[in-house]
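> What follows is a predicted protein model with its sequence.
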Amino acid sequence: MNVMDPLDAAMITGEALASPMHVGALLVFSPPPGAGPHFTDDLHRQALLGGGEIDPRLCRRPHIGLDTLGLWNWEEVEVDLPDHVQARILPPGSGDHAVWDLIAELHSRPLERHKPQWMAYLIDGLPDRRFAFYIKMHHTLVDGVEGMQMIADGLSTDPSDRSVKPFYVAGEHSPVRADEPASGILPNPVSALRSLLDAGRSSIGFAHDVVGGGADYLAGALTGESPFPLAAPHTRFNRRLGPERAVTGGSWPLDRVQAIQDAAGVTNNDVLTAVVSGALRGWLAAHDELPGRSLIGFLPVSVRVEGEAAQMGHGNMFGLQQCPLGTDLDDAADRLALIHRSMQWAKNEVARRGSAVTTLLTAPNLAPSLLLSLLPLVPKWRTGYNVPISNVRGPRTEMYFNGAHLDSLYPISTVFDGLGLNATMCSYAGTVSFGYVAGRNLVPDIQTLIPLTENAFAELESALGVR
């Protein structure tokens with residue numbers, strides 16, 4: 001039997017009681033020059049033919065019963081491609097709002113438990129003859145980075161290549177078996193909790209690092225570089241979700257991010273986090289709901305370490321950090337400086353203490369939000385953070401799918417009860433796309449976050465004197 005690990009089993013069980021737990025992406029394409037009116041129909045027919053061995057992660061379904069002694073298992077099954085690769089056509093004259101409304105509807109639907117845990121939709125009828133792929137996979141199969149790599153494996157840098165296989169065909173980075181983890185994965189809240197459960201190591205050195213790290217976190221909280229545990233203000237983002245989702249996205253030139261980064265002497269991630277902070281501050285203020293205390297973001301932290309750790313194969317370390325977003329500060333430059341100080345402090349902690357220790361010390365903020373969201377009828381709880389924010393690296397060069405140019409790539413992540421808004425960014429070919437997803441009952445006007453994101457960019461540029 002291929003028994004699920006405890007966190008996967010908890011997510012599958014909790015999903016039936018709470019919220020769907022899949023991640024997704026929207027890829028918008030322009031057809032190649034000279035493409036006929038039936039180009040997307042031909043793409044759909046080709047997709048249904050497959051053209052290769054399907055990635056093993058996409059060939060299994062969850063199963064529980066007497067034959068598994070009541071334990072959740074992964075069961076290998078045949079994939080019926082027409083069930084998983086479907087076509088949708090927007091009404092004539094549809095604009096971008098219609099696209100996002102359709103994506104929100106599709107993202108709201110749970111994956112069918114008795115089938116492999118993924119779906120792909122080819123969407124025709126976008127403005128300017130464009131079309132799109134919307135892809136979603138259960139979070140137990142991939143996280144954001146793995147999913148992005150799987151999608152990139154199904155694209156080509158050659159516009160003349162007409163033999164590109166769909167993303168679901170096993171590619172260069174596919175594992176040999178479905179239970180083989182990919183390497184180099186940047187953690188998000190779910191994968192971080194999995195790492196914590198798997199890191200049950202006991203040693204004097206580990207205990208010493210935990211005690212020392214705890215003292216560091218207390219000192220960081222006293223200086224404002226790290227929040228106190230469970231100190232995030234309660235906002236509407238931290239309420240229970242309804243069954244529907246709201247989704248939106250927008251793209252900006254990476255040159256604007258780079259100019260702000262250079263002017264302030266900060267990192268790319270610092271700038272993107274400050275932009276999200278400014279957009280959320282603007283949204284909450286417009287709804288007369290801006291808390292007096294700063295919102296807390298939950299962000300992945302990546303550091304490059306040298307010396308002994310690098311020689312042992314750990315040249316890169318990943319951790320997580322609750323980062324004050326400075327939404328209580330009027331000045332955009334002050335918000336950016338606060339975020340930079342907090343993230344720099346977090347990187348130093350990860351480099352000094354290691355991923356396992358910093359993940360363990362993060363657990364008091366992380367576990368209540370994730371684990372309580374799996375339980376029904378739980379009353380309002382204290383949360384350690386208000387919104388997960390992550391940045392996934394996409395392809396750096398222009399990409400094509402059988403001649404069609406990839407215009408935009410939007411990440412669409414997961415929301416939970418108690419964590420009803422998610423902001424994820426993805427870089428691609430000189431642009432960065434912001435993907436926002438929320439419970440529709442919590443953020444019904446999510447599309448207003450796009451102009452507010454532009455306002456946040458402009459605020460930073462003005463505050464730093466960037467043209």
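Nice, thanks for sending it over. Numbers count the residues shown, from 1 in each chain.

> Other residues contacting stretch 93-100?
The contact list for stretch 93-100, computed with Cβ atoms under 8 Å, 6 or more residues apart in numbering, reads 26, 90-91, 123, 125-127, 132, 247-249, 447. Glycine gets a C-beta too; all of them are placed from N, C-alpha and C.

> how about the residues you listed, which pair is most distant?
With Cβ to Cβ as the measure, no two of those lie farther apart than 91 and 249, at 20.7 Å.

> ok, these two, which is more surrounded?
Using other Cβ atoms under 10 Å as the criterion, residue 91 and residue 249 rank with residue 249 on top: 28 against 7.

> got a list of what residue 275 touches?
Taking Cβ under 8 Å, 6+ apart, we find residue 275 in contact with 434, 453, 456-457, 460.

> pull the longest helix from the protein.
helix 332-353 (DSSP state H).

> Now do that helix: which elements does it pack against?
Secondary structure elements in contact with helix 332-353, counted by 3 or more Cβ pairs under 8 Å, 6 or more residues apart in numbering; DSSP states H and E, are helix 204-223, helix 254-264, helix 268-286, strand 296-304, strand 316-324, helix 355-372, helix 449-464.

> buried ones in that helix?
Neighbour counts over helix 332-353 (16 or more other Cβ atoms under 10 Å) mark 332-333, 335-343, 345-347, 349-351, 353 as buried.

> Return that helix as CSV; C-alpha atoms alone will do.
The C-alpha coordinates for helix 332-353 follow below in CSV (Å, rounded to 0.1, in the frame of the first residue of the first chain):
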residue,chain,number,x,y,z
ALA,A,332,5.5,53.7,1.4
ALA,A,333,9.3,54.0,1.8
ASP,A,334,8.9,53.3,5.5
ARG,A,335,6.8,50.2,4.8
LEU,A,336,9.5,48.9,2.4
ALA,A,337,12.3,49.6,4.9
LEU,A,338,10.4,47.7,7.6
ILE,A,339,9.8,44.7,5.3
HIS,A,340,13.5,44.7,4.3
ARG,A,341,14.7,44.8,7.9
SER,A,342,12.4,42.0,8.9
MET,A,343,13.3,39.8,6.0
GLN,A,344,17.0,40.4,6.4
TRP,A,345,16.7,39.4,10.1
ALA,A,346,14.9,36.2,9.0
LYS,A,347,17.6,35.3,6.5
ASN,A,348,20.2,35.7,9.2
GLU,A,349,18.2,33.4,11.5
VAL,A,350,17.8,30.7,8.8
ALA,A,351,21.5,30.9,7.9
ARG,A,352,22.5,30.7,11.6
ARG,A,353,20.0,28.2,12.9
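
> tell me the mean pLDDT for that helix?
In this model, helix 332-353 has an average pLDDT of 85.

> Likewise for stretch 242-256?
On average, stretch 242-256 scores 97.

> mind saving the C-alpha coords of that stretch as PDB?
Below are the C-alpha coordinates for stretch 242-256, written out as PDB (Å, rounded to 0.1, in the frame of the first residue of the first chain):
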ATOM      1  CA  GLY A 242     -17.900  30.500   1.600                       C
ATOM      2  CA  PRO A 243     -18.100  28.000  -1.300                       C
ATOM      3  CA  GLU A 244     -17.200  30.500  -4.100                       C
ATOM      4  CA  ARG A 245     -13.800  32.000  -5.000                       C
ATOM      5  CA  ALA A 246     -12.900  35.400  -6.400                       C
ATOM      6  CA  VAL A 247      -9.800  35.600  -8.600                       C
ATOM      7  CA  THR A 248      -7.900  38.400 -10.400                       C
ATOM      8  CA  GLY A 249      -4.500  39.100 -11.800                       C
ATOM      9  CA  GLY A 250      -2.300  41.700 -13.500                       C
ATOM     10  CA  SER A 251       1.200  42.100 -14.900                       C
ATOM     11  CA  TRP A 252       3.900  44.800 -14.600                       C
ATOM     12  CA  PRO A 253       7.400  45.200 -16.100                       C
ATOM     13  CA  LEU A 254      10.200  43.900 -14.000                       C
ATOM     14  CA  ASP A 255      12.100  47.100 -14.800                       C
ATOM     15  CA  ARG A 256       9.800  48.900 -12.400                       C
END
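
> Any regions of this structure where pLDDT drops low?
Applying pLDDT under 70 to the chain flags residues 1, 7, 16-18, 176-230, 302-320, 350-383.

> For the residue positioned nearest the centre of it, give me its contacts.
With distances taken as Cα atoms, centre = their mean, the residue of the chain nearest its centroid is residue 413 (4.3 Å). Taking Cβ under 8 Å, 6+ apart, we find residue 413 in contact with 23-24, 144, 188, 388, 390, 422, 424, 435, 437.
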